[in-house]
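[1] Sequence and predicted structure below; questions after.
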Amino acid sequence: MNIEFNKNEDVNKQLVYELKTRLKKIYAGGGEKNAAKQKQKGKLLARERIDYLRDEGTEFLELGAFAADGMYVEQGGCPSAGVVTGIGYVSGRQCLIVANDATVKAGAWFPMTAKKNLRAQEIAMENRLPVIYLVDSAGVYLPMQDEIFPDKEHFGRMFRNNALMSADGIVQISAIMGSCVAGGAYLPIMSDEAMIVEGTGSVFLAGSYLVKSAIGEDIDNETLGGATTHCEISGVTDYKHPNDKACLDSIRKIMSMLGAPENAGFDRIKSAMPKLNEQELYSILPENREKPYDMRDIIYRLVDNSELEEYKALFGQSIICGLARIDGWAVGIVANQRKVVKSKKGEMQFGGVIYSDSADKASRFIMNCNQKKIPLVFLQDVTGFMVGSRSEQGGIIKDGAKMVNAVANSVVPKFTIVIGNSYGAGNYAMCGKAYDPRLIYAWPSAKIAVMGGSQAAKVLLQIQEASLKAKGEIITPEKEAELLKEITDRYDSQTTPYYAASRLWVDGVIDPLETRKVISMGIEAANQSPIKKAFNVGIIQT
């Protein structure tokens with residue numbers, strides 16, 4: 001057993017090393033050359049601005065670091081979608097920070113940039129977090145304007161959200177620290193307060209070249225839309241600052257005067273570390289994603305004092321439900337059990353599969369947490385719902401629908417961690433992205449897809465072979481093996497946590513040791529948004 005644990009530890013630590021290596025590359029943004037250009041203008045880089053703005057010694061929870069990873073290759077790539085977003089602390093207040101990275105295509109907006117900004121705004125709106133925009137962008141990336149400009153979830157949705165947040169009393173402060181062009185000019189000016197940095201900040205609907213082309217007027221950008229113009233003549237901006245640091249200091253001062261947020265009332269006591277060693281998470285999680293393990297061993301290393309008050313422990317054992325605390329916060333945990341267990345009836349229940357009794361148990365537990373106003377944490381390692389005649393006759397579809405119904409209608413904040421597999425309808429029932437978790441993060445060991453790679457590859461192979469045979473081609477065993485490998489490799493590449501994170505199906509990929517931080521900061525954010533809707537289930541009653 002020790003040999004297996006050591007092997008697991010080596011594999012999982014290697015996955016974490018790969019994660020940190022990937023992040024280091026992403027944090028470099030557009031590279032040293034482009035960074036040097038920004039420095040020559042006297043500007044701080046996007047991440048430097050965030051670090052200076054945040055309270056010293058506090059945590060920063062980055063959102064969407066892997067957004068657009070591996071995408072836009074023909075355009076030279078777009079690390080982190082050209083914008084840094086996350087939850088941080090400014091003057092003691094938790095807030096949502098958005099900073100354009102001008103080292104990446106001058107901070108231009110790609111389709112994934114818009115998606116990432118909208119996700120950040122969604123998190124701010126759900127949790128009533130103040131938003132700080134550090135603007136430095138050349139506007140829409142014109143060669144891809146058809147993929148970012150006109151649709152409902154495109155560029156314009158962001159300004160609509162600006163208006164809704166302002167009307168709802170969610171504070172938005174913008175700092176124009178570089179270019180701010182065309183439609184993008186609306187973002188800072190639709191914020192509650194806007195400030196501008198003298199000499200580097202500029203904001204206008206059309207730059208000097210376009211003005212010359214459109215109306216024949218000769219004018220430079222500084223005169224057209226610089227700090228002096230907008231602070232002394234137009235009145236568009238509210239504050240003028242000599243440099244980036246003075247501007248960020250001003251934001252900190254304003255944030256220090258905000259009134260206290262309304263409290264949602266989620267229960268928190270003094271935090272306690274798990275009694276069991278968190279480092280052992282690496283050795284518990286199997287190298288092989290199909291191997292069984294006891295999910296309780298994972299939970300005990302995530303929760304305070306390694307204590308779990310388990311609900312219906314001997315019933316519906318393929319899902320673990322229970323009450324615990326994470327960093328002092330009371331939570332309800334719903335987790336897939338990967339250990340092979342035996343029921344009283346003598347039936348074998350295989351890890352990661354949701355059975356009818358488990359779905360029923362989870363549904364009731366979710367309702368209980370809503371009644372008690374306890375946030376929910378979903379730990380996913382699920383292969384789907386049980387199939388076969390016995391399950392179908394036992395009503396697995398209806399029991400699964402009960403669980404999906406309970407998750408969809410839950411009004412307490414939900415947080416999802418994808419530990420291992422996240423397949424098919426199991427992804428939905430365990431609060432996948434479509435079910436509005438406040439935050440959803442994945443471990444490097446995660447796999448997200450409609451089904452497992454081996455099963456999917458065999459199905460796709462059958463389809464491709466039928467197509468080739470219809471054309472009169474002969475499929476030799478060698479050709480079949482080649483096709484299977486090609487299909488498997490392609491499918492597997494689309495199930496990685498990085499593929500999911502690049503498309504914002506998850507908010508990020510994290511070291512397992514960061515799980516407590518993610519959940520704690522998430523609940524702290526959610527605690528600023530009181531629940532105003534009653535929990536009710538829909539047509540499928542439990």
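    Ah, there it is.
[2] Can you classify residue 70 as helix, strand or coil?
    For residue 70, the secondary structure call by DSSP: H, G, I helix; E, B strand; the rest coil comes out as coil.
[3] Quick check: residue 491 is in a strand.
    No - inclusion of residue 491 in a strand is not indicated when three-state DSSP is applied; the result is helix.
[4] ok, it to residue 154 distance?
    Separation of residue 491 from residue 154 (Cβ to Cβ, to the nearest Å) stands at 30 Å. Where you see a C-beta, it was placed from the backbone N, CA and C, and this is true even at glycine.
[5] these two touch, right, residue 251 and residue 191?
    No - contact status for residue 251 versus residue 191: not in contact, 11.3 Å apart, counting by Cβ atoms under 8 Å.
[6] shared neighbours, these two?
    residue 173 (Cβ atoms under 8 Å, 6 or more residues apart in numbering).
[7] Would you map the strands across the stretch 101-250 of the chain?
    Assignment of strands within the stretch 101-250 of the chain using DSSP state E, counting those that start in this stretch yields the ranges 131-137, 172-180, 193-197, 239-241.
[8] partners of the longest one in the sheet?
    Okay, so that is strand 172-180. Sheet pairing of strand 172-180 (DSSP bridges) gives strand 131-137 (parallel), strand 193-197 (parallel).
[9] just those strands: most buried one?
    Each of the strands paired with strand 172-180 was assessed for mean neighbour count using mean count of other Cβ atoms under 10 Å. The highest is strand 131-137, with a mean of 26.
[10] helices or strands next to the helix ranked longest in the chain in the packing?
    Taking DSSP state H as the criterion, the chain has its longest helix at helix 2-27. Taking 3 or more Cβ pairs under 8 Å, 6 or more residues apart in numbering; DSSP states H and E as contact, the helices and strands that helix 2-27 lies on are helix 281-284.
[11] for the protein, which spans come out with low pLDDT?
    Scanning the chain for pLDDT under 70 picks out the ranges 1, 183, 206-209, 212, 341-351, 386-395, 451-461, 465, 468, 538-542.
[12] From residue 430, how far out is the spatially closest residue to residue 383 that is not a sequence neighbour?
    Distances taken as Cβ to Cβ, 6 or more residues apart in numbering put residue 352 closest to residue 383, at 4.1 Å, once the chain neighbours are dropped. Using Cβ to Cβ, one gets 10 Å for the distance from residue 352 to residue 430.
[13] Same question for residue 484.
    For residue 484, the distance to residue 430 - Cβ to Cβ - is 30 Å.
[14] The two: which is more packed in?
    Under the criterion of other Cβ atoms under 10 Å, the comparison of residue 484 against residue 430 puts residue 430 first, with 26 against 17.
[15] quick one on the thing from earlier: spit out the residues that contact residue 352 and residue 430 alike.
    Common contacts of residue 352 and residue 430 (Cβ under 8 Å, 6+ apart): 336, 382.
[16] rewinding a little: show me what the next helix or strand after the longest helix of the chain is in contact with.
    Proceeding N to C from helix 2-27, the next assigned helix or strand is helix 32-40, under DSSP states H and E. If you take Cβ under 8 Å, 6+ apart as the criterion, helix 32-40 is touched by 28-29, 44-45, 102-104.
[17] what does the helix or strand just after helix 32-40 contact?
    The element immediately downstream of helix 32-40 (helix or strand, assigned by DSSP H and E) is helix 46-53. Here helix 46-53 makes contact (Cβ under 8 Å, 6+ apart) with 27, 29, 44, 60, 83-84, 86, 88, 90, 97, 99-103, 132, 134, 136, 177, 244-245, 248, 251-252.
[18] What are the buried residues along helix 46-53?
    Buried residues in helix 46-53, counting neighbours by 16 or more other Cβ atoms under 10 Å, are found at 46-50, 53.
[19] The most centrally placed residue in the chain - nearest residue in space that isn't next to it in sequence?
    The centroid of the chain falls nearest to residue 507 when counting by Cα atoms, centre = their mean (1.3 Å). The shortest distance from residue 507 to any residue other than its chain neighbours is 5.0 Å, reached at residue 63 (Cβ to Cβ, 6+ apart).
[20] for the one you found, phi and psi?
    Note on residue 63: its backbone torsions stand at phi -110, psi 130 [degrees, to the nearest 10].
[21] Any chance of CSV for the strands paired with strand 172-180, columns distance to residue 409?
    As requested, the strands paired with strand 172-180 are arranged in CSV below (distance: least, Cβ to Cβ, whole Å):
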stretch, distance to residue 409
strand 131-137, 28
strand 193-197, 38
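[22] can you tell me which of those comes nearest to residue 237?
    For these, proximity to residue 237 was assessed by Cβ to Cβ; strand 193-197 is nearest, at 4.5 Å.
[23] what comes into contact with the closest one?
    Applying Cβ under 8 Å, 6+ apart, the set of residues contacting strand 193-197 from outside is 172-178, 188, 202-203, 226-227, 230-231, 236-244, 246-247, 250-251, 254.
[24] Out of the strands of the stretch 101-250 of the chain, flag the one nearest residue 158.
    Closest of the strands of the stretch 101-250 of the chain to residue 158 is strand 131-137, at 10.0 Å (criterion: Cβ to Cβ).
[25] returning to that earlier point: let me know the closest of the buried residues of helix 46-53 to residue 467.
    Distance to residue 467, by Cβ to Cβ, is smallest for residue 46 among those, at 47.7 Å.
[26] list the contacts for the residue lying farthest from the centre of the chain?
    Relative to the centre of the chain, the most outlying C-alpha is that of residue 472, 47.1 Å out, by Cα atoms, centre = their mean. By Cβ under 8 Å, 6+ apart, no residues touch residue 472.
[27] quick one: secondary structure of it?
    Each residue gets one of three states, and residue 472 gets coil by three-state DSSP.
[28] burial count for residue 488?
    Burial of residue 488 is recorded as 17 neighbouring residues (other Cβ under 10 Å).
[29] That one: which element?
    helix 477-493.
[30] one step back: mind listing what's buried in the longest helix of the chain?
    Applying a neighbour-count criterion of 16+ other Cβ under 10 Å, one finds 8-9, 11-12, 15-16, 19, 22-23, 26 buried in helix 2-27.
[31] of those, closest to residue 163?
    For residue 163, the closest of the buried residues of helix 2-27 turns out to be residue 26, at 31.8 Å, with distances computed as Cβ to Cβ.
[32] What residues of stretch 139-157 count as buried?
    Result for stretch 139-157 [16+ other Cβ under 10 Å]: buried residues 139-141, 148-149, 154-157.
[33] export those residues to CSV and tack on distance to residue 303?
    Shown next, in CSV, are the buried residues of stretch 139-157 (distance: Cβ to Cβ, whole Å):
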residue, distance to residue 303
139, 46
140, 46
141, 45
148, 42
149, 46
154, 41
155, 42
156, 43
157, 38
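[34] re the thing from before, quick one: the residue nearest to the centre of the chain and residue 440, what's the gap?
    With Cβ to Cβ as the criterion, residue 507 and residue 440 are 6 Å apart.
[35] With residue 152 instead?
    22 Å.
[36] what's the nearest residue to residue 64 if we skip its chain neighbours?
    Sequence neighbours aside, residue 116 is the residue nearest to residue 64 in space, at 4.6 Å (criterion: Cβ to Cβ, 6+ apart).
[37] now do residue 247
    Spatially, and ignoring its direct neighbours in sequence, residue 247 is nearest to residue 241 (4.0 Å; Cβ to Cβ, 6+ apart).
[38] Based on its surroundings, how many neighbours for that neighbour?
    When counting by other Cβ under 10 Å, one arrives at 22 neighbours for residue 241.
[39] Any idea what it is bridged to?
    Assigned bridge partners for residue 241, using DSSP bridges, are residue 197.
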